[in-house]
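Participant: got a sequence here, can you build the structure:
(one chain, ligands or ions: 1)
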Amino acid sequence: MKYNFNEPIDRSKNFSAKYDEVKSKFGRGDIIPLWIADMDLKVAQPIIDAIQERAKQGIFGYTSRPDSYFEAICNWQKRRNNWQIDRNLVGFNLGVVPALCTAIKEFSEENDKILFMTPVYSEFFDSVENWGRIALTSELKEENYHYSVDFDDFEEKLKQHPKLFILCNPHNPVGRVWTREELVKIGELCLKYNVMVVSDEIHSDLMLWGNKHIPFASISEEFANNTITFISATKTFNLAGLQASTTVFPNKEVKEKFERFWKRMDITRNNCFSLVAVEAAYNYGEEWLEQLLTHIEGNMIYVKEYCEKNIPQIKTYLPESTYLMWLDCRDLGLNGDELVSFMVNEAHLGLNDGRSFGAKNGFMRLNVACPRYILEKAMDNLNIAVNRLIK
Ligand SMILES: Cc1ncc(COP(=O)(O)O)c(C=O)c1O
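Facilitator: Numbering: from 1, shown residues only. This next block holds a predicted model:
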């Protein structure tokens, strides 16, 4: 089936955080929202069909997870990433952030250090700090918008005995797909300093330009034994509102300790719609995903070329993965607060402030998972606002 990702969308009755929370987040309603990481795009038809079929039954009692649910997840990883997961070491979770919080809570103590590389998804900071742990950060090196691990600094940080290292694989917001060589070096250092790895692989299906994702735990048995991995159909297939993610554990002991927390909260069952949607996504969503990636690539090329041609003060590059672009706005000459205010009040754009990811002043994150006409309007707004600013 051919999907048209440029079809006009209407989220006005969608109860979406991205649109309905614009006023409370940005202070005004006349904003094009390009912030939170979901897509202004309809999901794959087999997912809609599966949910409609389930809805038609009209009975929505407690669910029981069939074997086929985790089989679909394991098959997807084998097919797409050549990662053979032990079916007994897979678990259900509501979301990756709740799962991350659980790992932090169960595998570290208050005031322990937790290491991660910045700039990075803001919830890494929030989850660590909300649980009374200390964020220990290693800043990525940047050269011509290519971000890489500063291994000297990373090792220095590992020497400070963090309890966990949270890997973002691939890395939001800079879009890096870590190479095998980089992952091996990271993993060996974590083993050397006896630091458990939590690998957040939520963006791992969003590989652009033919890049290949390498699941960190698939690299070796030693790495697998030292890693908890988070994956989710919700990012790949735009199902965040259904709240179902997957955790892959190194062994039974870690799985039991982790899941005890959820059992105590009595949160162990999928809701009836996520149950059928996730399975349909992994079994029948590949065709949609391949077309989506082409659409995302096209949108990214559009934004990059638009900036180069019309707004040279804003620089960007084509990330290796995700549907998020990292904008370098430093040449606008604005400080952090001024830049946020400029984007909101002059360009009428709702972007993510780079500082929330631990970046220096001057960076913004742009979500391009939308029909092209939304981006065209956004880029024109930005162009007009920049021209007013520099006049
Ligand atoms: C790296 C990363 N992890 C986790 C999440 C959110 O996961 P969830 O919605 O499953 O809690 C995001 C959302 O953008 C993300 O970028």
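Participant: could you pull up the residues touching the residue in the stretch 51-200 of the chain positioned nearest to the ligand?
Facilitator: Using C-beta to the nearest ligand atom, the closest approach of the stretch 51-200 of the chain to the ligand is made by Gly95 at 2.9 Å. Quick note: C-beta positions are derived from backbone N, CA and C, even for glycine. Going by C-beta atoms under 8 Å, 6 or more residues apart in numbering, Gly95 touches 232, 234, 240, 243, 245.
Participant: in the stretch 101-250 of the chain, which spans are strands?
Facilitator: All strands of the stretch 101-250 of the chain, identified by DSSP state E, counting those that start in this stretch, fall at 113-118, 134-139, 141-143, 146-148, 164-168, 196-200, 227-231, 245-248.
Participant: what sits up against the last one?
Facilitator: The one in question is strand 245-248. Under C-beta under 8 Å, 6+ apart, the answer for strand 245-248 is 70, 73, 85, 89-96, 99, 202, 217, 228-234, 258.
Participant: direction included, what does that strand pair against?
Facilitator: If you go by DSSP bridges, strand 245-248 pairs up with strand 90-93 (antiparallel), strand 227-231 (antiparallel).
Participant: what does the stretch 1-150 of the chain put close to the ligand?
Facilitator: 37, 95-97, 121 (C-beta under 6 Å from any ligand atom).
Participant: from the residues you listed, which land in helices?
Facilitator: Judged by DSSP state H, these include 96-97 as members of helices.
Participant: weed out the non-buried ones from the residues of the stretch 1-150 of the chain next to the ligand.
Facilitator: 37, 95-97, 121 (16 or more other C-beta atoms under 10 Å).
Participant: closest one of those to Leu382?
Facilitator: Using C-beta to C-beta, Ala37 comes nearest to Leu382 of those, at 19.8 Å.
Participant: that closest one touches Leu324, doesn't it?
Facilitator: Yes: the criterion here is C-beta atoms under 8 Å, and Ala37 meets it with Leu324 at 6.5 Å.
Participant: so what sits against both of those two?
Facilitator: Shared contacts of Ala37 and Leu324, counting by C-beta under 8 Å, 6+ apart, come down to 172, 367.
Participant: ok, now which ones touch Gly336?
Facilitator: Gly336 neighbours (C-beta under 8 Å, 6+ apart): 353, 355, 361-362.
Participant: from those, which single one is nearest Met117?
Facilitator: Taking the contacts of Gly336 together and measuring to Met117 by C-beta to C-beta, the closest member is Arg355, at 16.3 Å.
Participant: local confidence estimate at the closest one?
Facilitator: Per-residue confidence (pLDDT) for Arg355: 98.
Participant: next, count neighbours for it.
Facilitator: 18 (other C-beta atoms under 10 Å).
Participant: what's the closest non-adjacent residue to it?
Facilitator: Among residues not flanking Arg355 along the chain, Gly336 sits closest, at 5.4 Å (C-beta to C-beta, 6 or more residues apart in numbering).
Participant: do Asn172 as well
Facilitator: Leaving aside its sequence neighbours, Asn172 sits nearest to Tyr121 (C-beta to C-beta, 6+ apart; 4.7 Å).
Participant: hmm, Gly175 and the one you found touching each other?
Facilitator: No: the pair Tyr121 / Gly175 is not scored as a contact, 12.0 Å apart, by C-beta under 8 Å.
Participant: residues in contact with the residue nearest to Gln77 when sequence neighbours are not counted?
Facilitator: In this structure, Gln77 finds its nearest non-sequential neighbour in Trp83, 4.3 Å apart by C-beta to C-beta, 6+ apart. For Trp83, the contact set (C-beta under 8 Å, 6+ apart) comprises 77, 215, 217-218.
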